[in-house]
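J.: Take this sequence and fold it.
(4 chains)
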Number of protein chains: 2
Amino acid sequence: MASKGEKTRSDIIVCAKNLFYQRGYEATSFTDIVNASGFFRGNIYHYFKTKDEILEAVIQQRQTDIRTGLAYWDAQYADPKARLNAFVSMVARSSELTEYGCPIGSLNTELGKERRELQDEARVLFDLFRHWLAQQFVALGYEDKAETMSLHLLGRAQGIAVIAQVYHDADVLKRETQMLAEWVREL
Amino acid sequence: MASKGEKTRSDIIVCAKNLFYQRGYEATSFTDIVNASGFFRGNIYHYFKTKDEILEAVIQQRQTDIRTGLAYWDAQYADPKARLNAFVSMVARSSELTEYGCPIGSLNTELGKERRELQDEARVLFDLFRHWLAQQFVALGYEDKAETMSLHLLGRAQGIAVIAQVYHDADVLKRETQMLAEWVREL
DNA sequence: GTCTATAACTCGATAGAC
DNA sequence: GTCTATCGAGTTATAGAC
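T.: The predicted model follows:
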């Protein structure tokens, strides 16, 4: 069983993950995390020395979340197209997308400007999906185009997320993801 | 002729525009603007009461820039497809895209999280392109689908920008914009 | 009276001593 | 866990120059 400290640590990470997503990394203050988590300042400092360190832990957590999700899809669906559909469905079903955009995309967009060291870690979140999607394209017989197709699909999903958030519009999210599902179907 | 103050004001706006683009709005401090512009603190406050007000002026400036650009394309190209190509070419040619992402998209992504009042102004930048693109689709005979096609094209461009910035990769920018140009060609 | 220049204030965040 | 120092953010005040 996990120690008490493990739980405290992961509680802090969950709080920070939500705040970074909903407000952005720069816009989230250390005090915001203190208030939202309910812990005392010094207590949080015991686990993380800086805000940057919290972000690193959040990114680690997101990596774990994604690996778990991809493994679940691997177990759930044998057919590569069914797996690609699972990916598109995830985008279509995410109601928070119209509020805060894609958690991975918006994080990379922010960090990619002038926090490159941190973006190097956040980019891994894209790589996880990228490699997994490429595997599906390979399985469908697109060996030599798998990587470019994977980036294309990721890009389409990101574009949908941006527009859906800009207009805070669930309809455009639905419409565009249907088009993306159509693209998968025609493979 | 414009007064001296007019020039100072527009110099401040240009500096802030670049900084907000390259670093993000939250990540840019007032001191950053002071240092980059070379003006004195108090001098900048003579022209703008708050940092938010500087951003509003920057967005106004971007609106003007876009209107000018669209008017130029209208004058330059009579054919709707040629105009759509001009739009796609702009994306393909923007070398800064792989560094800092789309200036309009990344700004909206940031402001859309928890600065909705400001995003309401930044969204206009999208609307300008959206309306103009829709006009071209109408001219091509897609009256009833013009609006959705416009959002689709904008989304594709945004997705390309995100991926190009995440991987800081000019190749993917080139490849994906070629695909987008192909999509325009097949209309 | 507009613009420039300098100074100083408030506030909250980070950090670390106790 | 509390308390306090320090720093930097955004902002305001005001004196001098054109």
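
J.: helices and strands around the helix or strand bottoming out on mean pLDDT in chain A, which ones?
T.: Lowest on mean pLDDT, DSSP states H and E among the helices and strands of chain A sits helix A:41-47, with a mean of 85. In this structure, helix A:41-47 makes packing contacts with helix A:4-23, helix A:30-37, judged by 3 or more CB pairs under 8 Å, 6 or more residues apart in numbering or on different chains; DSSP states H and E. For the C-beta atoms, the positions are set from N, CA and C on the backbone; glycine is no exception.

J.: which parts of it are buried?
T.: A:44, A:47 (16 or more other CB atoms under 10 Å in any protein chain shown).

J.: Quick check: next helix or strand after it?
T.: Remark: after helix A:41-47, the chain's next helix or strand is helix A:51-76, criterion DSSP states H and E.

J.: pull the CA atoms of the helix or strand following that following helix into CSV?
T.: Toward the C-terminus, helix A:51-76 is succeeded by helix A:80-93 as the next helix or strand (DSSP H and E). The C-alpha coordinates for helix A:80-93 follow below in CSV (Å, rounded to 0.1, in the frame of the first residue of the first chain):
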residue,chain,number,x,y,z
PRO,A,80,-6.4,-1.0,-36.2
LYS,A,81,-9.3,1.0,-37.6
ALA,A,82,-11.3,0.4,-34.5
ARG,A,83,-8.3,1.8,-32.6
LEU,A,84,-8.1,4.8,-34.8
ASN,A,85,-11.8,5.3,-34.2
ALA,A,86,-11.2,5.1,-30.5
PHE,A,87,-8.8,8.0,-30.8
VAL,A,88,-11.2,10.1,-32.8
SER,A,89,-14.0,9.3,-30.4
MET,A,90,-11.9,10.5,-27.5
VAL,A,91,-11.6,13.9,-29.2
ALA,A,92,-15.3,14.0,-30.1
ARG,A,93,-16.4,13.1,-26.6
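
J.: The next helix-or-strand element following helix A:80-93 and chain B in contact?
T.: Per DSSP H and E, the first helix or strand lying C-terminal to helix A:80-93 is helix A:97-100. Yes: residues of helix A:97-100 are located near chain B by CB under 8 Å from any CB of the partner chain, namely residue A:100.

J.: which helices and strands does helix A:97-100 pack with?
T.: Helix A:97-100 packs on helix A:4-23, helix A:146-166, helix A:170-185, going by 3+ CB pairs under 8 Å, 6+ apart.
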